Each structure stands twice: as structure tokens, then as C-alpha cells.
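Colleague: Below is the sequence, then the predicted model.
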Amino acid sequence: MPDLLAHVFIAYSLCRVLSWRVPWLTTPYVTVGMVGAFIPDLVKIKLLLPSETMERVLGVPFDWGSLATGGGTLLSVCVGLALLASSERRRGGLVLGLGAGSHLLADSLLLTPTGRSVQLLWPLSQYRVPSPGLYLSTQSEPMLLAGGVAALVWVLDRCWFGGADPAGARDHP
């Protein structure tokens, strides 16, 4: 769980800081960016519904692992776009992709036994980018650091960038 929470903190911080310069990036869009941070971890649905079960149901080869790749994430973002109103697709897609992209970027820094991380170019290439191996996904320190940064961004937003506006004027385009 520290890993997933860290991804949400990172997406919140990125989107909120960008909202200081991008007028349309209001709180609902920041929330969409945070939801985007969950997309690559949809692969964990395999704990409830194994790939073998899906193969039997669909009758074709199936693997949940593709959702944690660049191509699988892009496809999932496109599915998310279909759920948005047509007037919100461009902006919603940008922040959904930002959240998902920040997740993939953070995962590319993980310490892995092979020294390689996520397949960012799948299905075009099976190449796994080299990983600097900065941390393990089970460590709580990255989550604490990301949470501290998110708290700092929240305080800055409330105190200096007008986020505490009681009328919520900033939250409406």
C-alpha cells in the first residue's frame, strides 16, 4: 500500500503545482490526475481474478501484466477518456495521462532484481528501461517523502495561491 499512496501523493503534487500556472486545472481536474495515478496498478486485479481465469472466459491469451506497461496504460487512459463527457476529454485526458505517467516514471526508479524496470514502449518493443534502483516498492520512506511534499504543496496552495477561497471560485472555470 505505501507504493500506491506514494503515487497518489506524487500525482496530487504535480497537478496542484501545475494548477498555479494553468487556470483551467481546477480541483476536479487535480482529482482526475490522482485517479490517473491508479491506472498502472490496475494490474493488481490479478489477485482477485487471475489471468488464467480471464483466458478461459475470453477464449484468447490474456495477461493482466500488460496494464502496467506504457501501451497498456495508454489504452487504459483511452478507456477513461470514453467515460468523460466529450467537452472534458482533452483536459481530462491530459491530467489522467499525467497521473498515469507520473506513476510509470516513479516505477521506473524501483530497485529490481534485473536492474530493468517497466516496458514503456510495449507493445512496440519488449525493451525494459534501465532502473537506477533508488527504492523498493515495499519501503515506506518514498511514501513518507511524497506525503511530506504533498502536504507542503497543500499548505502552499492554501496560504499563497488562494486554494482556501471559501466560495470555491478557483474550482470553477
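Modeller: Happy to help now that I have it.

Colleague: helices or strands up against the host helix or strand of Thr31?
Modeller: Element membership for Thr31 (DSSP states H and E) is helix 27-36. Applying 3 or more C-beta pairs under 8 Å, 6 or more residues apart in numbering; DSSP states H and E, one finds that helix 27-36 contacts helix 2-19, helix 70-82, helix 89-107. Yep, even glycine has a C-beta here, placed from its N, CA and C like the rest.

Colleague: Output these in TSV; the columns should cover mean neighbour count, distance to Ala151 and mean pLDDT.
Modeller: Shown next, in TSV, are these (neighbours: other C-beta atoms under 10 Å; distance: least, C-beta to C-beta, whole Å; pLDDT from 0 to 100):
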stretch	mean neighbour count	distance to Ala151	mean pLDDT
helix 2-19	22	9	93
helix 70-82	17	27	93
helix 89-107	21	17	95
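
Colleague: Apart from its chain neighbours, what residue comes closest to Ala150?
Modeller: Phe9 (4.1 Å; C-beta to C-beta, 6 or more residues apart in numbering).

Colleague: That neighbour and Gly99, how far apart?
Modeller: Remark: distance between Phe9 and Gly99 (C-beta to C-beta, to the nearest Å) = 11 Å.
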